[in-house]
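Undergrad: I'd like to go over a predicted model; first the sequence, then the structure.
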Amino acid sequence: MIKKIYNGLFKLFGIMILVFIIAFIVGGFILNDNNIIWRVFSIVMPIAAVSLWLGVILWVIDRVSSNN
């Protein structure tokens, strides 16, 4: 159960990173406006950080529970 949630979060995080990188490159070339990119960055990074930490915490819980 926990492994399925963790794998789902990990895949979601990977997809998010890919989408962010593509959006950054495309947005940077089309808009050429740093303010918009930084606005998107400031909204997106906390979400990415939270999802990463959730994945790490779930992984640790999974490791500890599998040892018992």
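TA: Cool, the structure landed.

Undergrad: any weak-confidence spans in this protein?
TA: Across the chain, the ranges flagged by pLDDT under 70 are 1, 25, 27-34, 36-37, 68.

Undergrad: same thing but at 80, please
TA: Applying pLDDT under 80 to the chain flags residues 1-52, 54-56, 58-59, 62, 65-68.

Undergrad: From residue 38, how far out is residue 67?
TA: 43 Å (Cβ to Cβ, to the nearest Å). Heads up, the C-betas are built off the backbone N, CA and C, glycines and all.

Undergrad: which one of these two has more residues nearby?
TA: residue 38 (10 against 6; other Cβ atoms under 10 Å).

Undergrad: name the element that one belongs to?
TA: helix 34-67 (DSSP states H and E).

Undergrad: packing partners for that helix?
TA: If you count contacts as 3 or more Cβ pairs under 8 Å, 6 or more residues apart in numbering; DSSP states H and E, helix 34-67 packs onto helix 2-31.

Undergrad: got the angle for the helix it packs on vs helix 34-67?
TA: 170 degrees (axes from the mean of the first three to the mean of the last three Cα atoms, to 10 degrees).

Undergrad: tell me which residues of helix 2-31 are tucked away?
TA: Buried residues in helix 2-31, counted by 16 or more other Cβ atoms under 10 Å: 6, 9-10, 13, 20.
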